[in-house]
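Participant: Fold the following.
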Amino acid sequence: DVHNWIRWNKTQKKIDFFEGLFINVDERISSHAALKLSEKKFKEINNSLMDGFAEVDMEGNIRYCNPAFAEMLGYKREEIINLSYFAFTPTAWHAKEKSIMNEQVLIRGYSDLYEKEYIKKNGVIFPVEIRAYLFKNSINQPEGMWAIVRDITERKRSIFQRDMLISELEKSVAGEVNARVELEKKQEELTKALVLAEESNRLKNEFLTILSHELRTPLHGILGYAQILVDDKSLTPEQQEQIDYILQSGDRLMNVLNELLEISLIETQKGVVETQAFTIQAMLDDIYILLKNKFLEKNICFQYDLHGIKEIKSDPARIRQILLHLIGNAVKFSDKGVVKVELSLTDNRYLFKIIDTGIGISEENKNNIFELFTQIESSINRTHEGVGLGLPICKKLVHSLNGKIWFESKLGEGTTFFCAFPQKPH
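Facilitator: Numbers count the residues shown, from 1 in each chain. Have a look, this model is predicted:
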């Protein structure tokens, strides 16, 4: 950096002398370059965040946001810059949020983590979790605020589904006095556990595990005494029919609890894959024995074609669970015909096909068939039991083996499920 001074002699019309000051600006240039690099890294990190990041001035106008924040609200980034922060905050939240800014952010420099609502560009209101921070200028005056914002729609949906499940289970056992007393006791324990849980996923998994284990104990007692009564020859036909109803209802509830426990274990043990060689024909024969009565009741034929494959190297427990759910579903939704399992090996990938001649899946149900608690029959008078956990369990198990699951179906003609996964699941 150079600064020059010149003295001009007006009388003689010449330069008397010339002075120059040379300043080394290497350090300034280096600091500027470091600042530019720091800003670049800051933007790269913000652009890669899954959560939203936004910066506002003291009037609440957006000065900067990352792509996640704009996408969360349904805007393009250039549309959202200079918008007022209150433009996408419901009116009911304005006073409360100003109070948080004045009583927390401006006093101590940051807010507590709190929940509020946002309005998307299309008008949809959704819940978020947010924490705001204050930043100041070079003379220590407040210049604006920045915040990390997380969309908690899925968390809220999970809590709602959990509450719905609790309600359904309460109704299922309400008819049995002993079971109702035990349920109220366990419900109190579960309520205390739910109050202490901080994260929705951990809360859901703990709840499902406790519920399955604790309810099965009294349910085993109910089913055990009911089975004893079945053998009592002194019962009237009407009494015998009532005992049979208790057994059927208990078995149904036990199946629901087993599925809840199974999906909870899958989510908490995602990485535990036990790989070993096992005989697939023996596994299919074992599954048929478990489901034999259901096959015989409906006069459905069970077939399999393994194309010469004798052994599979994978996780036998997970493969067995997948096949048991899919074959069981095939029998449940078929009234006649054949359930067939085919196995082939192509490009180091196993491909299972489970084919049935059942009722098929309608077009409106095809898009959500793998979602939790989705049922093909939604009416109160549906003929097939279940709470909609079997296929979601299958999907999680297949994905844990680095595989894929899909299906083809035609209403009234039947369904084929496909499961493909590598020989070495790891």
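Participant: any chance you could map the helices in this structure?
Facilitator: Assigned by DSSP state H, the helices in the chain fall at 26-48, 67-73, 77-80, 94-100, 106-108, 153-173, 177-196, 200-230, 237-268, 280-298, 316-332, 363-366, 390-400.
Participant: partners of the nearest residue to A420 once chain neighbours are set aside in the sheet?
Facilitator: With sequence-adjacent residues excluded and distances taken as Cβ to Cβ, 6 or more residues apart in numbering, A420 is closest to L351, at 4.8 Å. Quick note: C-beta positions are derived from backbone N, CA and C, even for glycine. Under DSSP bridges, the beta-bridge partners of L351 are S344, A420.
Participant: do you know how far L351 is from I369?
Facilitator: 20 Å (Cβ to Cβ, to the nearest Å).
Participant: Over to I81?
Facilitator: Here the criterion is Cβ to Cβ. By it, I81 lies 42 Å from I369.
Participant: Looking at the two, which one has more neighbours?
Facilitator: I369 (19 against 14; other Cβ atoms under 10 Å).
Participant: Can you give me every residue that contacts the nearest residue to the more buried one once chain neighbours are set aside?
Facilitator: Excluding the flanking residues, the one nearest I369 by Cβ to Cβ, 6+ apart is L391, at 5.9 Å. Going by Cβ atoms under 8 Å, 6 or more residues apart in numbering, L391 touches 325, 329, 369-370, 374.
Participant: Nearest to Y64, out of the residues you listed: which one, please.
Facilitator: Comparing these against Y64 with Cβ to Cβ places F370 closest, at 38.9 Å.
Participant: Please report how far G360 lies from P67.
Facilitator: From G360 over to P67 (counting by Cβ to Cβ), the distance is 42 Å.
Participant: Then V338?
Facilitator: Distance of V338 to P67, computed by Cβ to Cβ: 52 Å.
Participant: Ok, R150 next?
Facilitator: 15 Å.
Participant: I361 and S409 touch, don't they?
Facilitator: Yes: at 4.1 Å, I361 and S409 qualify as touching, with contact defined as Cβ atoms under 8 Å.
Participant: Need the overlap of contacts for those two.
Facilitator: With Cβ under 8 Å, 6+ apart, I361 and S409 have common neighbours T415.
Participant: centroid residue for the protein?
Facilitator: E154 (7.1 Å; Cα atoms, centre = their mean).
Participant: thinking again about what came up before, return the member of the contacts of L391 nearest to I100.
Facilitator: Scanning the contacts of L391 for proximity to I100, where the rule is Cβ to Cβ, the winner is T374, at 39.2 Å.
Participant: Check the helices of the chain for me: which has the lowest mean pLDDT.
Facilitator: Among those, helix 26-48 has the lowest mean pLDDT, at a mean of 57.
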